[in-house]
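1. below: sequence and its predicted model.
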Amino acid sequence: MDAALTFPLLLGLIAVALLFDFLNGLHDAANSIATIVSTRVLRPQYAVGWAAFFNFIAFLFFGLHVAQTIGTGIVAPDLVDHRVIFGALMGAISWNVITWWAGIPSSSSHALIGGLVGAGVAKAGLDSIVWSGLGKTTAAIVLSPLTGFVLALVLVFIVSWLFLKSTPYAVDTLFRSLQFVSASLYSLGHGGNDAQKTMGIIAVLLYSQGMLGSEFYVPFWVVITCQLAMALGTLFGGWRIVHTMGSKITRLTPMQGFCAETGGAITLFMATGLGVPVSTTHTITGAIVGVGAARRASAVRWKVASRIVVAWVVTLPATAFIGAVFYALAGAFS
């Protein structure tokens, strides 16, 4: 166990965690609303409100398996102290700000995991890593966008076959309404998976202070606070990334937007149920590429997509390095 922190320092670290959660919502608002905005089904200011509401109520629909993975399945919880938490959070926050400013839809989830790994290794070397949990998470870097891609692609083919004899106007009108459903489901999946990552960080911090007893769990006040912070971040929206996700990868119709959101939502629901912390950014990007490719390969702007993939590959090592640096800085000032 870590040496007891003063109450102001503990409160400050929790505030930093909630800041990350807020920035996660801000950064990843595009994941929930890009398709419904780009198809002009909802105006941006209404879309973020819609997404924020479903982000907030996600705790009603999912267990806390992802929070358990983050809290105990990436770095050994008995090695976590306030410096590790600080390094992890600052690594993730720094990367989120950099990629948000550049308009690159990188993963807030993997930024946090990378920061946690970097700070953990800086403290105790490679023995600090829970390799089974980290392996499951890194595998999801490939599997979540691939699953989103395949599901969205299949959905486009199914829907196209079902509405083969319908007029374009009738299809467009129907799926403008159905996008409200698909956007809601995706926002639920986003809130259910992403907010739990901050819950796990705060809970393991409390555990390191002996405030949870001998068993790791996530207090209810942590659940509510994290869901609220993410919802507030979503309300402010990440407009630079919305533009990249909604129009730069491929042009979307309401039917395609529905298929992308639904394919992405199914992927997130499965991952959250299994306790796998996946990237909502990776998932919806894969789904958007899938619906674009269903039309024709040239409909996807592969140069933009490849730039996004490069950001995904760089995220873990970059945030691990930043997390280790902030861990060392915290030691210099403690």
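-> Here it is on my side, so go on.
2. C-alpha from now on. contacts and neighbour counts both.
-> Noted.
3. how far does the longest helix anywhere in the chain sit from the chain's center?
-> What stands out as the longest helix in the chain, according to DSSP state H, is helix 168-208. Helix 168-208 has its C-alpha centroid displaced from the chain centroid by 9 Å (C-alpha atoms, centre = their mean, to the nearest Å).
4. after that helix comes which helix or strand?
-> Note on helix 168-208: by DSSP states H and E, the next helix or strand toward the C-terminus is helix 220-236.
5. give me the number of residues near the closest residue to F59 other than its chain neighbours?
-> Leaving aside its chain neighbours, F59 sits nearest to G192 (6.1 Å; criterion: C-alpha to C-alpha, 6 or more residues apart in numbering). Counted by other C-alpha atoms under 10 Å, the residues lying close to G192 total 30.
6. so for G192, what's the pLDDT?
-> Note on G192: pLDDT of 90.
7. hmm, A231 is touching F53, no?
-> Yes - using C-alpha atoms under 8 Å, A231 is in contact with F53, at 6.7 Å.
8. of those two, who's got more company?
-> A231 (31 against 20).
9. the more buried one and G12, how far apart?
-> 21 Å (C-alpha to C-alpha, to the nearest Å).
10. for the residue of the chain most remote from its centre, give its distance to L11.
-> The C-alpha centroid of the chain is most remote from K165, which lies 38.3 Å away (C-alpha atoms, centre = their mean). Applying C-alpha to C-alpha, the value for K165 to L11 is 61 Å.
11. which ones are touching V75?
-> Going by C-alpha atoms under 8 Å, 6 or more residues apart in numbering, V75 touches 116-117, 120, 128-130.
12. quick check on it: phi, psi?
-> Main-chain dihedrals, V75, degrees, to the nearest 10: phi -120, psi 140.
13. that older thread, neighbour-wise, which one of the contacts of V75 leads?
-> Sorting the contacts of V75 by how many neighbours each has (other C-alpha under 10 Å) puts L116 first, at 34 neighbours.
14. pretty sure that residue contacts A320?
-> Yes - using C-alpha under 8 Å, L116 is in contact with A320, at 7.0 Å.
15. shared neighbours of these two, which are they?
-> Counting by C-alpha under 8 Å, 6+ apart, the common neighbours of L116 and A320 are A88.
16. tell me which stretches of the protein form helices.
-> Under DSSP H, the chain gives helices at 7-38, 44-56, 65-72, 82-102, 108-124, 131-162, 168-208, 220-236, 239-243, 254-274, 280-295, 302-333.
17. can you say which of the ones you listed is nearest to S214?
-> Of all those, it is helix 168-208 that lies closest to S214, at 8.1 Å by C-alpha to C-alpha.
18. quick one: pLDDT of S214?
-> pLDDT, S214: 83.
19. pick the one among the contacts of V75 closest to G275.
-> Closest to G275, out of all of those and judged by C-alpha to C-alpha, is V130, at 14.9 Å.
20. so who does that closest one touch?
-> Neighbours of V130 in contact, by C-alpha under 8 Å, 6+ apart: 73-76.
21. reformat those residues as TSV; add pLDDT and distance to R176.
-> Formatted as TSV, those follow (pLDDT from 0 to 100; distance: C-alpha to C-alpha, whole Å):
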residue	pLDDT	distance to R176
G73	89	41
I74	91	41
V75	92	44
A76	90	47
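22. how near is T315 to Q256?
-> Using C-alpha to C-alpha, T315 is found at 29 Å from Q256.
23. more neighbours, the two?
-> Between T315 and Q256, counted using other C-alpha under 10 Å, Q256 has the larger neighbour count: 29 against 26.
24. wouldn't that one be in contact with V154 here?
-> No - between Q256 and V154 there is no contact under C-alpha under 8 Å: 11.3 Å.
25. how about low-confidence regions in the stretch 101-250 of the chain?
-> Applying pLDDT under 70 to the stretch 101-250 of the chain flags the ranges 105, 237-250.
26. recalculate using a threshold of 50.
-> Residues of the stretch 101-250 of the chain meeting the criterion pLDDT under 50: 241, 244-247, 249.
27. I85 and T35, how far apart?
-> I85 is 34 Å from T35, where distance means C-alpha to C-alpha.
28. burial check on P317, number of neighbours?
-> Residues lying near P317 (other C-alpha under 10 Å) number 16.
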